[in-house]
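*Asks:* Sharing a model prediction with you, sequence too.
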Amino acid sequence: MDMTEGCDEALMAQAGEILRRGGLVAFPTETVYGLGGNALDPEASAKIYSAKGRPSDNPLIVHIASFDALPAIVSSMPAEAEKLAKAFWPGPLTMILPRGERVPLETTGGLDTVAVRMPDNDLALALIRAGGGYVAGPSANTSGRPSPTKASHVMEDLGGKIDAVIDGGSTGIGVESTIVDLTEDVPVVLRPGYINMEMLRKVIGEVRMDKGLTSDDPSVRPKAPGMKYRHYAPKADMVIVEGKRENVIRTINRLAAEDIRRGRRVAVLTTDEGAGAYPMGLVVSVGTRKDEITIARHLYDSLRYFDKAGVDSVYSEAFDTPQVGGAVMNRLLKAAGHRVIMADEE
Ligand code: AMP
Ligand code: MG
């Protein structure tokens, strides 16, 4: 089944029916496309893991369509949850809360906490309501690949493995939701996203960033199980080059020339400002440095494009994106398997 924007009620009811019967429906959200299954049905969760090839210790986010649906799936409600929901739901914020008994361990990867969010997308909200109110929805990509920001990305990865895709066009934000853990003494951000630390602090005061996200020490593990895996990655070897602008350009051009001499197909990930500076390889711009939101929106499509073009190595500039909580650099580092080099000095 394929549905286009503004899809009608009968088709949505059908999609809801698929979920109620334990099937899988991919759907658009404001961040990326999700792979939906009934979150309260352990067999549906098992199907999600199997379709994505996702490790079973990597829990799923439960999507709801109203705040009133929350108490039934948590065992207690921290005071911050209500404040954050008022401020940011529907929106790109996921909260980690104590798991209620109705949520099977299959959905939470065996954890006694549950991740919950209310997406800001009318098709997603309609599907959640039609499907019974609780939809487990990880990103609708094959595990390890860049998350899907278009219905065609979903079909590339999961076509033939799922029952339906609701096509809502390109997603607006383009990187996954911010995850904040409310089960610790002080709330902790486990995954950076569009809702940044400053926005959270304004609503709930003190917030920490999970040390596992920023530490170079491999023994300091991220608390969100999914953040420890290589992820968002193109098939090519990817390296991020950091440093002064001129030095980055010179270094990438040197590395590209060396690779091309060795017969490798090379791509460069840059911005509109840098695009003219690279004479070799496939040069891809993620947008202008003046607009972080556009950069975030184009990131995964660009990473997928490298696979389509069949390149062997990708050299990427670094992108500082404080407005989206540093989410672009966080995802880029994971895509590159944390391979970062400093540009040559003059
Ligand atoms: P995705 O579904 O692809 O957006 O990934 C969901 C992310 O949320 C992964 O990084 C998970 O590890 C994380 N997550 C989901 N539930 C929990 C939880 N209960 N505790 C910590 N992290 C979680
Ligand atoms: Mg994902």
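*Replies:* All right, it came through fine. Ligands and ions are numbered 1, 2, ... in the order given.

*Asks:* Let's verify the closest residue to ligand 1 within the stretch 201-346 of the chain: helix, strand, or coil?
*Replies:* For the stretch 201-346 of the chain and ligand 1, the shortest gap (Cβ to the nearest ligand atom) falls at Gly226, measuring 2.2 Å. C-beta: built from backbone N, CA, C; applies to glycine. On the three-state scheme (DSSP: H, G, I helix; E, B strand; the rest coil), Gly226 is labelled helix.

*Asks:* Now do the contacts for it.
*Replies:* Taking Cβ atoms under 8 Å, 6 or more residues apart in numbering, we find Gly226 in contact with Asn58, Pro59, Arg191.

*Asks:* just Ala336 next, same as before
*Replies:* Ala233, Met238, Val239, Ile240, Ser316.

*Asks:* just checking, which of the residues you listed belong to strands?
*Replies:* In strands, judged by DSSP state E, the following of those are found: Met238, Val239, Ile240, Ser316.

*Asks:* Mind listing the residues bridging to the last one?
*Replies:* It refers to Ser316. Judged by DSSP bridges, the bridge partners of Ser316 are Ile240, Leu269.

*Asks:* Show me what from the stretch 1-150 of the chain comes close to ligand 1.
*Replies:* Residues of the stretch 1-150 of the chain lying near ligand 1 by Cβ under 6 Å from any ligand atom: Asn58, Pro59, Leu60, Ile61, Ile96, Thr108, Leu111, Thr113, Val114, Ala115, Pro138, Ser139.

*Asks:* repeat that with 8 Å
*Replies:* 32, 34, 58-61, 94, 96, 99, 108-109, 111, 113-115, 137-139, 141, 147 (Cβ under 8 Å from any ligand atom).

*Asks:* Let's see which of these end up in helices.
*Replies:* Counting by DSSP state H, no part of those is found in helices.

*Asks:* Report the spatially closest residue to Asp112, excluding sequence-adjacent ones.
*Replies:* Arg99 (5.2 Å; Cβ to Cβ, 6 or more residues apart in numbering).

*Asks:* swap that for Tyr232, sorry
*Replies:* Ala335 (4.4 Å).

*Asks:* Could you identify the buried members of the contacts of Ala336?
*Replies:* Listed as buried from the contacts of Ala336 are Ala233, Met238, Val239, Ile240, Ser316; burial here means 16 or more other Cβ atoms under 10 Å.

*Asks:* Including distance to Met77 and pLDDT, could the residues you listed go into JSON lines?
*Replies:* Formatted as JSON lines, the buried ones among the contacts of Ala336 follow (distance: Cβ to Cβ, whole Å; pLDDT from 0 to 100):
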{"residue": "Ala233", "distance to Met77": "37", "pLDDT": "87"}
{"residue": "Met238", "distance to Met77": "42", "pLDDT": "97"}
{"residue": "Val239", "distance to Met77": "45", "pLDDT": "97"}
{"residue": "Ile240", "distance to Met77": "40", "pLDDT": "97"}
{"residue": "Ser316", "distance to Met77": "42", "pLDDT": "98"}
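
*Asks:* In whichever helix or strand Tyr49 is part of, which residues are buried?
*Replies:* For Tyr49, the host element (DSSP states H and E) is helix 42-52. Buried residues in helix 42-52, counting neighbours by 16+ other Cβ under 10 Å, are found at Ala44, Ser45, Ala46, Lys47, Ile48, Tyr49, Ala51, Lys52.

*Asks:* chain center to that helix, what's the gap?
*Replies:* 18 Å (Cα atoms, centre = their mean, to the nearest Å).

*Asks:* Not counting it itself, show me its contacts.
*Replies:* 19, 22-24, 35, 37-39, 54-56, 60, 104-107, 136, 138, 140-143, 158, 161-162.

*Asks:* Can you give me the distance of the closest residue in space to Ala318 that isn't next to it in sequence to Ala10?
*Replies:* Using Cβ to Cβ, 6+ apart and skipping residues adjacent in sequence, the residue nearest Ala318 is Glu242, 4.7 Å away. Plainly put, Glu242 is 52 Å away from Ala10 if you go by Cβ to Cβ, to the nearest Å.
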